[in-house]
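1. Just to be clear, the model below is a prediction. Sequence and coordinates:
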Amino acid sequence: PPERKRFYQNVSISQGEGGFEINLDHRKLKTPQAKLFTVPNEALAIAVATEWDSQKDTIKFYTMHLTTLCNTALDNPTQRNKTQLIRAAVKFLETDTVCYRVEEPAALAELQKNEWDPVVAWAEKRYNVAIGSSTSILGPNIPASTKETFVSHLASYNMWALQGIEYVITQLKSLILSLGLIDRHITVEKAVLLSRLEEEYQIQRWGNVEWAHDYDLCELRARAAAGTLFVHLCSESLTVKHKLLQD
Amino acid sequence: MAALGSPLRTLRGLLRELRYAGGRAGRPYRDTPAYQHIVAAFRAHRVTSEKLCRAQQELHFQAATYLCLLRSVRQHAALHQEYHGRGERSPEEVAGLVGFRLPQQPGGKG
């Protein structure tokens, strides 16, 4: 299908009853399910407006990650409630990238140990849980108490932030790396590097292919950055509209 | 706390990305809400005392994350244009690749 042309001159934000709205000329932005697009936080609204204003001749929706995240939060197309989102997030721990180790080649196993052990140790210390790692095909054996700790930690986030958290986890394939980002322990670039450790290892060995590797790298960085920013902006107590964020 | 480097460098990088992202020629990027919001936020959190340290770090992390977002989106879009932007070849072009020509069928396909 042909790309949609940019049909608006000016992008602005305004404050309505439900939160901040995005105006494309005189039209108010709506979600895919035709709801009024409102966000609880002014900085987030500005960033979304910037995405729309950055479009040149055609609208490249695949570059508008914050808009997409807001649409997901507003429409909730998968119809999941808070409990289901949290369960999906914590379930990732069973196949968490940084816990799932190889035995060969030795160089990769060593790299995983050196790069991933510290972040697992950080999570264990920070949350006072046992996680460990495993070379078994079944993955690590996560104690129930560990899962419960993470479930109750995630329950402290509101629905919007949780959508963002679950998104980052799905992109990075790791609950631990996502927590590292949300807790500001590692940068997005570092989290993506750790998530793609095996790819990076193979690239070092066999060479880089720009149209595939760099393409994937930039896309993952963009998505992880968008998700992290989204979580932080939706968790800020100052400008949160509690009405909008009710679970 | 993540290794973020110099806040000034992050700020400069951010403002540069906003300049690149400016969609509409004729509207200076300094007039945009994003530019003004970022500059105001950095000004408000200037170093004055120890107590602001945590708020500063949070702002810096947020700024660095937003910088990563803008930069990565720009780089990804550039790669997309360069390698994936041309779409599919038409049937005529595909035939031409191996030296064939599509048959002319007056009255259309059967």
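-> Nice, I can see it.
2. Domain ranges for chain A, per the record?
-> Following the TED database, one gets these domains for chain A: A:11-75, A:82-236.
3. ends of the longest one, how far apart?
-> Same thing as domain A:82-236. Across domain A:82-236, the terminal residues are separated by 19 Å (C-alpha to C-alpha, to the nearest Å).
4. Just the pLDDT at the residue positioned nearest the centre of chain A, thanks.
-> In chain A, the residue lying closest to the centroid (C-alpha atoms, centre = their mean) is A:V168, at 2.2 Å. pLDDT recorded at A:V168 is 98.
5. how would you label the nearest residue to it once chain neighbours are set aside: helix, strand or coil?
-> Among residues not flanking A:V168 along the chain, A:G227 sits closest, at 3.8 Å (C-beta to C-beta, 6 or more residues apart in numbering or on different chains). For every residue, glycine as well, the C-beta is placed using N, CA and C. Here A:G227 is helix, with the state taken from DSSP: H, G, I helix; E, B strand; the rest coil.
6. What about A:G227, how many residues nearby?
-> Taking other C-beta atoms under 10 Å in any protein chain shown as the criterion, the count of residues near A:G227 is 29.
7. would you turn the domains of chain A into a markdown table with distance to B:G22?
-> What follows is these, written out as a markdown table (distance: least, C-beta to C-beta, whole Å):
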| stretch | distance to B:G22 |
| --- | --- |
| domain A:11-75 | 7 |
| domain A:82-236 | 18 |
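8. Out of these, which is closest to B:A34?
-> domain A:11-75 (4.4 Å; C-beta to C-beta).
9. end to end, how far does the closest one reach?
-> One end of domain A:11-75 sits 22 Å from the other (C-alpha to C-alpha).
10. pLDDT on it, on average?
-> For domain A:11-75, the per-residue pLDDT averages 95.
11. is any part of that domain close to chain B?
-> Yes: contact of domain A:11-75 with chain B (C-beta under 8 Å from any C-beta of the partner chain) involves A:12-13, A:42-43, A:46-47, A:49-50, A:53-56, A:60, A:62-63, A:65-66.
12. Which ones among those lie within helices?
-> A:42-43, A:46-47, A:49-50, A:53, A:65-66 (DSSP state H).
13. Can I get those residues in TSV including neighbour count?
-> Converted to TSV, these look like this (neighbours: other C-beta atoms under 10 Å in any protein chain shown):
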residue	neighbour count
A:E42	18
A:A43	22
A:I46	21
A:A47	25
A:A49	25
A:T50	24
A:D53	24
A:H65	26
A:L66	25
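14. tell me the contacts of the most centrally placed residue in chain B?
-> In chain B, the residue lying closest to the centroid (C-alpha atoms, centre = their mean) is B:R74, at 2.8 Å. Shown in contact with B:R74 (C-beta atoms under 8 Å, 6 or more residues apart in numbering or on different chains): B:17, B:20-21.
15. cutoff 6 Å now
-> Contacts for B:R74 (C-beta atoms under 6 Å, 6 or more residues apart in numbering or on different chains) come out as B:Y20.
16. Which strand or helix spans it?
-> For B:R74, the host element (DSSP states H and E) is helix B:53-84.
17. what is the rounded mean pLDDT of that helix?
-> 92.
18. Can I get the next helix or strand after it as PDB, trimmed to CA atoms?
-> Remark: after helix B:53-84, the chain's next helix or strand is helix B:91-97, criterion DSSP H and E. Output of helix B:91-97 as PDB, limited to C-alpha atoms (Å, rounded to 0.1, in the frame of the first residue of the first chain):
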ATOM      1  CA  PRO B  91       7.200  -8.000 -13.700                       C
ATOM      2  CA  GLU B  92       8.700  -6.300 -16.700                       C
ATOM      3  CA  GLU B  93      11.900  -5.500 -14.800                       C
ATOM      4  CA  VAL B  94      12.100  -9.000 -13.500                       C
ATOM      5  CA  ALA B  95      11.800 -10.500 -16.900                       C
ATOM      6  CA  GLY B  96      14.400  -8.100 -18.200                       C
ATOM      7  CA  LEU B  97      16.900  -9.300 -15.600                       C
END
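19. How many residues are close by A:H153?
-> Neighbours of A:H153 under the rule other C-beta under 10 Å: 15.
20. Show the contacting residues for the closest residue to A:D96 other than its chain neighbours.
-> Nearest non-adjacent residue to A:D96, counting by C-beta to C-beta, 6+ apart: A:S174, 5.0 Å away. For A:S174, the contact set (C-beta under 6 Å, 6+ apart) comprises A:96-98.
21. So which of those wins on neighbours?
-> Neighbour counts for those, by other C-beta under 10 Å, peak at A:V98, which reaches 26 neighbours.
22. what's the distance between the closest residue to it other than its chain neighbours and A:I203?
-> Of all residues not flanking A:V98 in the chain, A:W116 sits nearest, at 4.2 Å (C-beta to C-beta, 6+ apart). Remark: distance between A:W116 and A:I203 (C-beta to C-beta, to the nearest Å) = 18 Å.
23. between the contacts of A:S174, which is nearest B:G85?
-> Closest approach between these and B:G85, by C-beta to C-beta: A:T97, at 31.2 Å.
24. that older thread, quick one, phi/psi of the residue nearest to the centre of chain A?
-> The phi/psi pair for A:V168 (degrees, to the nearest 10) reads phi -60, psi -40.
25. my guess is it meets A:S178, correct?
-> Yes: the pair A:V168 / A:S178 is scored as a contact, 4.5 Å apart, by C-beta atoms under 6 Å.
26. Chain A contacts on chain B?
-> Applying C-beta under 6 Å from any C-beta of the partner chain, one finds that chain B approaches chain A through B:2, B:21, B:23, B:33-34, B:37, B:61-62, B:65-66, B:68-69, B:72-73, B:75-77, B:79, B:83.
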